[in-house]
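Trainee: when you get a sec, could you give me coordinates for this:
(chains A and B)
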Number of protein chains: 2
Amino acid sequence: MAEYTLYCFSESGNAYKVALMLELCKADWEPVRVAFFSGETRKEAFRGLNVMGEVPVLVHHRQDGDFTITQSGAILTYLARRLGKFGPDTEAEEFEVMRWLLFDSQKISGQAGVLRFLRRFLKKGESEDVTFLHARTVSALNILEARLTGRDWIAADRPTIADFALCAYLYWPEQIGVDYATLPNLSAWLERIRALPGWSRSEDLMPSGMDEQTLTA
Amino acid sequence: MAEYTLYCFSESGNAYKVALMLELCKADWEPVRVAFFSGETRKEAFRGLNVMGEVPVLVHHRQDGDFTITQSGAILTYLARRLGKFGPDTEAEEFEVMRWLLFDSQKISGQAGVLRFLRRFLKKGESEDVTFLHARTVSALNILEARLTGRDWIAADRPTIADFALCAYLYWPEQIGVDYATLPNLSAWLERIRALPGWSRSEDLMPSGMDEQTLTA
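Mentor: Model prediction:
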């Protein structure tokens, strides 16, 4: 058994953040597929694993027993500490990283991720909820663009888990329905992350959460 | 000068989380009013303080210099550590608290808070974006209800900053446009927090972010 088990599926940017971190750290991990699109996360068994009904869920098989943890930002914080990579070095950096993880959770993954879901998977047209989320997503992307003025990384002078959290959904701009033409700092930052040794696409790290009949439908 | 300066306004549930924590800990703090409703958080000067353009912003006047921190979940974590109250005692509790702070940021404050803003302050009717956020808010409240089955507090066997983060917007059900008739665990939990010594309403802890002419309009 691998040291880390990750309950996940490749369409989830939240799962991708963690898979990317594990891969960049060359950790010993294995994905367990969650059949999201046929409703697995709404079922009793999955809710027993995570009352929030979401991936990712990480189980660390430790010598003192299995340690289960959910919410990508919390998992990333745990992994940075355990693996000794991509975490904060000082107290000031710790809270800088944390505030960007929270910003990501609410403003990027919590909005761009939902917008992508509506457009890509629910195939919603330009309804009022889509327009609303689109405007809020653009506003959040502009904040990242401003943050990246004159700096290479979000929270420190080197890549940290804050970068990995914020970038995950942003490698799917067509699916979100945004473009980066007016966001040169953000575009360059995404390329910097992509150039890190071990970087991989979500689809190459985890199985799809779609069933075959959904995939071929 | 007080030890802690909090940039805030009373209509902000995110600011309320921090004001409530400071008050429950009997900390030496003072609020600085941010004129949110006339656009202060969109201005250059405020963006210099917080590129995210949001309250709360906490400045801790330390002997080694001012320490500025933003995002309510990060501020609460900092305060719990500094003040030695309402924080986690073990590593397992630390990640339990953190995952609920992240859940709050995305699913409660990030949705119920926005829904309240649309209904209460923008006076939007039952538009598609309101309906969308309403459904997602109800779903998130049901997760809290399930979590509170057989337990008094969200993340530990005692109140923690996770409770304070999650409860803040939920003291305004009429403004959000939800009711708790089917949520007995959640209702009882809100009352338990309200019974803590030092609990106060947001409006009694911070100045309003509205200008007088807006207030009387």
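Trainee: which SS class is the closest residue to A:Tyr180 other than its chain neighbours?
Mentor: Closest residue in space to A:Tyr180, ignoring its immediate chain neighbours: A:Ser187 at 4.6 Å, by CB to CB, 6 or more residues apart in numbering or on different chains. The way it works is simple: take the backbone N, C-alpha and C, and place the C-beta from them, glycine included. When classified by DSSP: H, G, I helix; E, B strand; the rest coil, A:Ser187 comes out as helix.
Trainee: A:Ser187 contacts A:Pro173, correct?
Mentor: No. If you go by CB atoms under 8 Å, A:Ser187 and A:Pro173 don't touch, sitting 9.6 Å apart.
Trainee: which neighbours do the two share?
Mentor: Contact criterion CB atoms under 8 Å, 6 or more residues apart in numbering or on different chains; residues shared by A:Ser187 and A:Pro173: A:Tyr180.
Trainee: count the neighbours of the closest residue to A:Glu11 other than its chain neighbours for me.
Mentor: Nearest non-adjacent residue to A:Glu11, counting by CB to CB, 6+ apart: A:Gly209, 5.4 Å away. By other CB atoms under 10 Å in any protein chain shown, 21 other residues sit near A:Gly209.
Trainee: any idea how far A:Phe37 is from A:Gly209?
Mentor: Relative to A:Phe37, A:Gly209 is positioned 5 Å away (CB to CB, to the nearest Å).
Trainee: between the two, which contacts overlap?
Mentor: A:Glu11.
Trainee: isn't there a strand covering A:Ser200?
Mentor: No. A:Ser200: not assigned to a strand; according to three-state DSSP it is coil.
Trainee: what separation do you get for it and A:Leu22?
Mentor: 11 Å.
Trainee: need the longest helix for chain A.
Mentor: Looking across chain A with DSSP state H, the single longest helix is helix A:128-147.
Trainee: what pLDDT, on average, does stretch A:21-40 get?
Mentor: Across stretch A:21-40, the average pLDDT comes to 97.
Trainee: so does it get close to chain B?
Mentor: No. Judged by CB under 8 Å from any CB of the partner chain, stretch A:21-40 and chain B are separated, with a smallest distance of 14.1 Å.
Trainee: what lies in contact with that stretch?
Mentor: Taking CB under 8 Å, 6+ apart as the rule, stretch A:21-40 contacts A:1-9, A:11-12, A:19, A:41, A:46, A:55, A:76, A:79-80, A:83, A:85-86, A:121, A:161, A:164, A:196-200, A:205-211, A:214.
Trainee: quick one: low-confidence parts of chain A?
Mentor: Applying pLDDT under 70 to chain A flags the ranges A:213-217.
Trainee: chain B contacts on that one?
Mentor: Checking chain A against chain B by CB under 8 Å from any CB, the hits are A:47, A:51-53, A:67, A:69-74, A:77-78, A:92, A:95, A:98-99, A:101-103, A:105-107, A:109-110, A:127-129, A:131-133, A:143, A:146-147.
Trainee: surely A:Leu141 and A:Asn185 touch.
Mentor: No. Taking contacts as CB under 8 Å, A:Leu141 lies outside contact range of A:Asn185: 10.5 Å.
Trainee: what ranges do the helices span in chain A?
Mentor: With DSSP H, the ranges of helices along chain A come out as A:13-24, A:44-49, A:72-83, A:91-103, A:112-116, A:128-147, A:161-167, A:173-176, A:184-194, A:202-205, A:212-216.
Trainee: hey, which of those is tucked in deepest?
Mentor: Of the helices of chain A, the one with the most neighbours on average (mean count of other CB atoms under 10 Å in any protein chain shown) is helix A:161-167, at a mean of 28.
Trainee: can you show me the CA trace of that helix as CSV?
Mentor: Extracted in CSV, the C-alpha atoms of helix A:161-167 (Å, rounded to 0.1, in the frame of the first residue of the first chain):
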residue,chain,number,x,y,z
ILE,A,161,1.3,25.5,-1.7
ALA,A,162,-0.5,28.8,-2.1
ASP,A,163,0.5,28.8,-5.8
PHE,A,164,-0.6,25.2,-6.2
ALA,A,165,-4.0,25.9,-4.7
LEU,A,166,-4.6,29.0,-6.8
CYS,A,167,-3.4,27.6,-10.1
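Trainee: what's the domain layout of chain A?
Mentor: Following automatic domain parsing, one gets these domains for chain A: A:4-85+A:200-216, A:91-194.
Trainee: make TSV from those and add distance to B:Pro31 to it.
Mentor: Putting these into TSV (distance: least, CB to CB, whole Å) gives the following:
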stretch	distance to B:Pro31
domain A:4-85+A:200-216	28
domain A:91-194	20
